[in-house]
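Student: predicted model follows, preceded by the sequence.
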Number of protein chains: 4
Amino acid sequence: MSNYSHSQLAFEKNMSDTRISPRKLPQQDRARATVEAILDATAQLLVEEGYHKTSTNKIAKRAGVSVGSLYQYFPNKEAVVAGVVEAFADDQMAFLGERLMELQGLPLEESVHALVVALLEAKQLNPDLHQVLFEHLPPIGQIDVLKDWTDQAVALVTLALQSRDELEIENPQLTAFVLISACHGIIHTAVVNSPHLLADENFSREVAKLILSYIK
Amino acid sequence: MSNYSHSQLAFEKNMSDTRISPRKLPQQDRARATVEAILDATAQLLVEEGYHKTSTNKIAKRAGVSVGSLYQYFPNKEAVVAGVVEAFADDQMAFLGERLMELQGLPLEESVHALVVALLEAKQLNPDLHQVLFEHLPPIGQIDVLKDWTDQAVALVTLALQSRDELEIENPQLTAFVLISACHGIIHTAVVNSPHLLADENFSREVAKLILSYIK
Amino acid sequence: MSNYSHSQLAFEKNMSDTRISPRKLPQQDRARATVEAILDATAQLLVEEGYHKTSTNKIAKRAGVSVGSLYQYFPNKEAVVAGVVEAFADDQMAFLGERLMELQGLPLEESVHALVVALLEAKQLNPDLHQVLFEHLPPIGQIDVLKDWTDQAVALVTLALQSRDELEIENPQLTAFVLISACHGIIHTAVVNSPHLLADENFSREVAKLILSYIK
Amino acid sequence: MSNYSHSQLAFEKNMSDTRISPRKLPQQDRARATVEAILDATAQLLVEEGYHKTSTNKIAKRAGVSVGSLYQYFPNKEAVVAGVVEAFADDQMAFLGERLMELQGLPLEESVHALVVALLEAKQLNPDLHQVLFEHLPPIGQIDVLKDWTDQAVALVTLALQSRDELEIENPQLTAFVLISACHGIIHTAVVNSPHLLADENFSREVAKLILSYIK
DNA sequence: CATGAATGAGCGTTCATTCAT
DNA sequence: CATGAATGAACGCTCATTCAT
């Protein structure tokens, strides 16, 4: 998966919220490498220890830089985590967007099943990080992974639904919301409760059935 | 809502895990009152401040007892939170169980809609606490709210499905799981993303539609 | 000099400013001893290292208690220093008040000279602490040693002036202010610039001359 | 007021103390401008944030140069502040020297009053900086604003007193010391305690009265 | 049993200073 | 010369937990 590349783009997205916006854009290659190492180390520690026990000093040590360097690029701990979330969301959406592209032209049944599989796979990109971000992050600043992830996924699926002329959907946005949040809920719960389901071919079929009977 | 009564039952449930099991059963009324006050205070602080900032000293102060007393009944902070989770789950299931009872004999359509509404209402019992427990609790010990809640809700719904002879469901447990986790996912996401949906009559209708077209 | 006894009284004085008011009144003897040790250690460190380098950890170590204990009684570093200032001011005023009492009935000349000597001696009570508090304390919260000290000293001297019927002073408060701030300025500067002056009998005579020729 | 011009003179004064002496004399105009910008920025930050929070990085940013440049001209933070103090003292003495010049030939009464007014005005040149330097600077290196300021002012006034043949003063230096430190003390305390006094015409009259009755 | 004073490791963060570019 | 990324010791402060009273 991605290495949480702290892209210029990602940086600028958060520039509006001064509480978590990066302190400055890294201008030299050395600096860019530092920022990346910090984000990678943070993602690892978040998984291994949880937010609470992920200290900025540990992050710095793991990243092979000094705490001071961390604070050159991030105003506080929250901002570092926000950076990880940002990168995570970007990766997820890049992945889902690509998969949805490939669906065009396929028959509806296959298409829906492929969507479910894509969502399942997205969750496997970095399952532990996924879990920490969605289930165990304290309410910090403006960070809301669930909201951000859902909003972006809904947008993607809304477009996909609208491009299907054979479907007569009154409110594509609502439908997409129900669809995405249902799938996400099922998959997420399956990960936590019954990991064995994930590998089962019948599982994705069952979920696809739910979707199909709903939108048809 | 409930006052997180530290029921004898709840206490015994955790007796197997020594890391979070209560130290002793409160045997006098005064003791029971103390434990209750602690759990109530904890629930409040969890909502107001989050897990991280909910300190045992603050809990004790808010509960009107000394820290020492807290540690008479709970071996550590995790155990206190586990107690809150326990009480929360009990409340939720008591509520849902009652509602599902009332459904017997109703036509399927109404029944399903009523179930969805019950789930919505369950989430309103203490929405803030709900959110903290489901979304923001760090991974502590054996506590897994999502797993516990889902397992119990699935059990209830499995029974309800099985009691409907008109339905021919191959794997009622899987169906119940899909159903519950989908509903929970949709509702939870709606709370976070689009609270306005919750009051909308069409919203529960839409969710009911999803369920109905799936199980019929 | 005083041991900066953290008197109940001194505690209550600051109760209005929540930013520096003590966290709680020590209720046991053990606690009172802790508070006293903290204030003594702080005064020492303030002198030896200055405010900036006087860290709460060092204070605690020197006082023979843990940092945690310090923070049980003081909400922050400022409050500890405020406690020292409080005790210092109390000591100074107790001393000056006593000396002024003894002046009653003496002829004016002697009286004035005795006042000057008293001020000189007050500065010798703890000259180093005096200097740190008056000259090197950063602007913290509502703490203003110069203002507090002057206000109290002016009040004492105003009374003393008014009790002298032979003096016809129009505005005793203004006269007291000029008198006190002049003496304080001279003595303080002498301490810094020309310590040898302090022991010189002529010095106090000279200052007394300034005062006498002014009020007569 | 002055821009804290880092005069060649000021530079050389400190050449003896290697701990705070500037590293090299700025030889080009650009360098001189840099040094000046640094001193100005420092003076501002000293007032706005105090010594403690005035960091070299902030100084550099405010001055529009890099930290590295700052360390080209000053060996450490103390030296920068010493530079500010130096410039401040130079400004003050230039101002007072000029004013004392104008007094020659005036009658004694007027002369003394004019001196008091000059001291009052000197304090208004940059009252906030005045206060920080005199009251809130930690004891750093050999810097002692009060001592330097007093010594220079005493020297000026001693000369002025000696040039007055009508006065028969035994020890002009002691008299000048008492005079200057008294005035300084009164004015300084008035600034802190009773700023309204400063504008009052009677205030300077009262102080002049103190001086006159003393030296006559 | 209840109390609350005491502990101290560890947190998030700053800042004077250096040095490769 | 100027730059600014990097350093890391040290700061102020919190909090889960213990134990003498």
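Tutor: Here it is on my side, so go on. Numbering: from 1, shown residues only, chains lettered A, B, ... in the order given.
Student: packing partners of whichever strand or helix holds residue A:179?
Tutor: For residue A:179, the host element (DSSP states H and E) is helix A:172-193. When contacts are defined as 3 or more Cβ pairs under 8 Å, 6 or more residues apart in numbering or on different chains; DSSP states H and E, helix A:172-193 packs onto helix A:108-124, helix A:127-135, helix A:145-162, helix A:195-199, helix A:201-215, helix B:145-162, helix B:172-193, helix B:201-215. Bear in mind the C-beta positions are built from the backbone N, C-alpha and C, glycine included.
Student: mean pLDDT lowest where, among the ones you listed?
Tutor: Between these, the lowest average pLDDT goes to helix A:195-199, which shows a mean of 86.
Student: now the residue nearest the centre of chain A. Nearest residue, chain neighbours left out?
Tutor: For chain A, residue A:89 is the residue whose C-alpha lies nearest the centre (Cα atoms, centre = their mean; 3.4 Å). Once flanking residues are discounted, residue A:89 sits nearest to residue A:148: 5.5 Å by Cβ to Cβ, 6 or more residues apart in numbering or on different chains.
Student: rewinding a little: redo the helices and strands packed on helix A:172-193 as CSV? Include distance to residue D:138.
Tutor: What follows is these, written out as CSV (distance: least, Cβ to Cβ, whole Å):
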stretch, distance to residue D:138
helix A:108-124, 57
helix A:127-135, 45
helix A:145-162, 46
helix A:195-199, 61
helix A:201-215, 68
helix B:145-162, 53
helix B:172-193, 51
helix B:201-215, 64
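Student: looking at those helices, which is buried most?
Tutor: helix B:172-193 (a mean of 23; mean count of other Cβ atoms under 10 Å in any protein chain shown).
Student: what about stretch A:56-76 and DNA strand E, any contact?
Tutor: Yes: judged by Cβ under 7 Å from any atom of the strand, stretch A:56-76 comes into contact with DNA strand E at A:56-58, A:67-68, A:71, A:75-76.
Student: buried subset of those?
Tutor: A:56, A:58, A:71, A:75-76 (16 or more other Cβ atoms under 10 Å in any protein chain shown).
Student: interface residues of chain A facing DNA strand E?
Tutor: A:53-58, A:67-68, A:71, A:75-78.
Student: closest to residue D:34 out of the helices and strands packed on helix A:172-193?
Tutor: Shortest distance between residue D:34 and the helices and strands packed on helix A:172-193, using Cβ to Cβ, is found for helix A:145-162: 45.9 Å.
Student: gap between residue A:74 and residue A:34?
Tutor: Distance from residue A:74 to residue A:34, counting by Cβ to Cβ, to the nearest Å: 11 Å.
Student: for those two, indicate the residue with more neighbours.
Tutor: Taking neighbours as other Cβ atoms under 10 Å in any protein chain shown, residue A:74 and residue A:34 compare with residue A:74 leading, 25 against 22.
Student: and that one, what pLDDT?
Tutor: In this prediction, residue A:74 carries a pLDDT score of 95.
Student: might one say that it is in contact with residue A:38?
Tutor: Yes: using Cβ atoms under 8 Å, residue A:74 is in contact with residue A:38, at 7.4 Å.
Student: contacting residues for residue A:159?
Tutor: Residue A:159 sits next to residue A:100 when contact means Cβ atoms under 8 Å, 6 or more residues apart in numbering or on different chains.
Student: circling back to that earlier point, farthest-separated two in the residues of stretch A:56-76 next to DNA strand E?
Tutor: Maximum distance among the residues of stretch A:56-76 next to DNA strand E (Cβ to Cβ): 18.4 Å, for A:58 and A:75.
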